[in-house]
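> need a 3D model of the sequence below.
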Amino acid sequence: MRILQVVRQLPYGGDPVYVCRLMSGLREIGVESAVLTEGGPLLGMYEERWHRVLEFPSLRSTALDAVAPLVAAEPWDVMLAHHYQSSRVAHGLSRRIGIPYVMTIHAKRGLVGRMLVNYWSDEVIVLTGGVERSLRGPFGVRPDRIHRSRLTVDCDVHRPGPQPADCVLRRAEEELIVLHVSRLEYRKTKPCIELVRGMPRLLESVPRARLALLGLGPGLERVLPEVQAVNRRCGDVIRLLEPRPGLAGLLRSADVAVATGLVAREALACGCPVLAVGRMGYVGPIDQEHFPLGDDGNFGDHDHAAGPPRADRFARDLAGMLSDLDHWRREALALAELTSREYSPARAASEIVVILRDVLTRSRPRRSV
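So this is what the prediction gives:
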């Protein structure tokens, strides 16, 4: 089987990272794949892993007439499109050259969003229960056409280990580091602002606490004044870090990660305790008991939030975690073992291949350009 992954753009975020890891898993089980894309900041990550990249300046609908013959020149069996923009590209190419395509949906879709989609593939893949439930409503996808796979963690990179010698988080040995990673867009800016506002109250309980923020996005201009106000009031207790593609060293250095989605999984794989909060709202500390629910809702990004993020919640729960770090580190190490066993790229790739083979047995013959 030869799979053409379609990812229109490669910005910082979980979707392009997932696809890159899935391609590694496919290679591990002997399946050939490449990625069709316009490129972006994470293009280098694909190249570093020797993944084949078919890069075009534009994959807009007006450009597909020129792209289609180049795609059809190779014997691709199926296109695996990731999210809605990419699925529009795959739908357009499939109409032109007859290669079947399957949508992988990475985020929830409300009623209005579902009404705007006229390019559902015959079979759809979802990666969390929250996304699956959102597609079942009117204008969505029948349950028997929805297939569930899993998100992946690169456990060769994300695993428990010592703090890197060049740690950029800890300026003094006694500091307790809370690390928050976010793209600071859509509804993800609100949790960051509330976390910053909760720092003065957290410092009353845990004076050694320090907050490191790694984020870049349109919400940064809203976050900066909040950071400056807290630092003026409490001293230099919050630091802003430059975005970077690799987080394993930072996650092994942090005492607690405030995270959602892929970063929450990576933190746990590194043995770092997690307080989960996402664009759907606040979840809270993740232990073995609460991991399945967190995983099903993508740790607050897709479902199962207990309410909106609030400064007092952050201060209360972080104080509890930082005051009992031995317990929370034990929980995180147990979940690191679970993650390495259940969420490997090869396991996810094997699931995807089974779904795609089923699609191919029922697909129409390829048309010529």
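> could you use CA atoms for every contact and neighbour count after this?
Noted.
> which residues of this protein fall in strands?
Assigned by DSSP state E, the chain shows strands spanning 2-6, 32-37, 52-55, 78-82, 101-105, 124-126, 146-148, 176-182, 209-215, 238-241, 256-259, 274-278, 281-285.
> and Ala319, which of those strands is closest to it?
strand 209-215 (8.8 Å; Cα to Cα).
> ok, residues contacting that closest one?
Strand 209-215 is contacted from outside by 169, 175-184, 199, 202-203, 237-243, using Cα atoms under 8 Å, 6 or more residues apart in numbering.
> please apply the same query to stretch 101-116.
Contacts with stretch 101-116, where a contact means Cα under 8 Å, 6+ apart, come from 15, 78-84, 87, 90-91, 94, 120-128, 130-132, 134-135, 137-140, 302, 356.
> before we move on, back to that, hmm, which of the contacts of strand 209-215 are the buried ones?
Neighbour counting with 16 or more other Cα atoms under 10 Å marks 169, 175-184, 199, 202-203, 237-238, 241 as buried within the contacts of strand 209-215.
> okay, the strands of the chain in TSV with mean pLDDT and distance to Tyr343 next?
As requested, these are exported to TSV (pLDDT from 0 to 100; distance: least, Cα to Cα, whole Å):
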stretch	mean pLDDT	distance to Tyr343
strand 2-6	96	20
strand 32-37	96	20
strand 52-55	94	23
strand 78-82	95	19
strand 101-105	93	17
strand 124-126	93	15
strand 146-148	91	13
strand 176-182	94	21
strand 209-215	94	25
strand 238-241	92	28
strand 256-259	97	18
strand 274-278	95	17
strand 281-285	94	20
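> now these as a markdown table including distance to Ser61?
What follows is the strands of the chain, written out as a markdown table (distance: least, Cα to Cα, whole Å):
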| stretch | distance to Ser61 |
| --- | --- |
| strand 2-6 | 14 |
| strand 32-37 | 13 |
| strand 52-55 | 16 |
| strand 78-82 | 15 |
| strand 101-105 | 16 |
| strand 124-126 | 22 |
| strand 146-148 | 26 |
| strand 176-182 | 31 |
| strand 209-215 | 32 |
| strand 238-241 | 37 |
| strand 256-259 | 35 |
| strand 274-278 | 32 |
| strand 281-285 | 35 |
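> nearest to Leu360, out of these?
strand 78-82 (7.5 Å).
> that closest one versus strand 101-105: what angle between them?
Inter-element angle recorded for strand 78-82 and strand 101-105: 20 degrees (by axes from the mean of the first three to the mean of the last three Cα atoms, to 10 degrees).
> what lines up beside strand 78-82 in the sheet?
In the sheet, strand 78-82 lines up against strand 2-6 (parallel), strand 101-105 (parallel) (DSSP bridges).
> any buried residues in the first one, and which?
By neighbour count, with 16+ other Cα under 10 Å as the criterion, the buried positions of strand 2-6 are 3-6.
> from the chain's centroid, how far away is that strand?
Offset of strand 2-6 from its chain centre (Cα atoms, centre = their mean, to the nearest Å): 20 Å.
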